[in-house]
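1. here is a sequence together with a model predicted from it:
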Amino acid sequence: MVNKLYLKINKNNIINMNQLYKKFSIPCTNLSIIRWKPKAIIPIHNHKNQTCSMFILKGSLEEKVYNNTGLQGHYLVDTKILTRYQCSFINDEIGEHTVENLSNEDSWSLHYCKKT
Ligand SMILES: [Fe+2]
């Protein structure tokens, strides 16, 4: 007999921000899938003590990377448009970032985050 692990996404695994951004955390993994509605944006944030990869499954996303200087605020160091099958990586050394769906269609991305 083969033991199978069935994973399901329930309410506790879904983060829904203003109906624009929906995050599905895949149980027992460091993986999540995000659906980005048109014009959805995640404000500047860090991934403290984590390494995170973002892989575009459908559509496109714009990522802006910033250095946080503390009192003098953030300054932009990189902007890139990621399209299907492209990947981006961020950690504390690279900086902080925003991610935005500039298009008029939904975009989907796969995320892998791991504590360092
Ligand atoms: Fe992020």
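-> Thanks, I have the structure now. Numbers count the residues shown, from 1 in each chain.
2. how far does stretch 35-44 stretch from start to finish?
-> Taking CA to CA, to the nearest Å, stretch 35-44 runs 18 Å from one end to the other.
3. meant to ask about stretch 95-115, not that
-> One end of stretch 95-115 sits 16 Å from the other (CA to CA).
4. next one: stretch 47-62
-> Using CA to CA, one end of stretch 47-62 lies 17 Å from the other.
5. so how far is that stretch off the chain centroid?
-> In this view, stretch 47-62 has its centroid 4 Å away from the chain centroid, taken as CA atoms, centre = their mean, to the nearest Å.
6. identify each buried residue in it, please.
-> H47, T51, C52, S53, M54, F55, I56, G59, S60, L61 (16 or more other CB atoms under 10 Å). Just so you know, the C-beta spots here come from the backbone N, C-alpha and C atoms, and that holds for glycine as well.
7. the residue nearest to N46 when sequence neighbours are not counted pairs with what?
-> Take N46 and drop its neighbours on the chain: the residue closest to it by CB to CB, 6 or more residues apart in numbering is E96, 4.5 Å away. For E96, the beta-bridge partners are Y66 (DSSP bridges).
8. how far away is the closest residue to Y21 other than its chain neighbours from C113?
-> Using CB to CB, 6+ apart and skipping the chain neighbours, the partner closest in space to Y21 is A40 (4.7 Å). According to CB to CB, to the nearest Å, A40 stands 19 Å off from C113.
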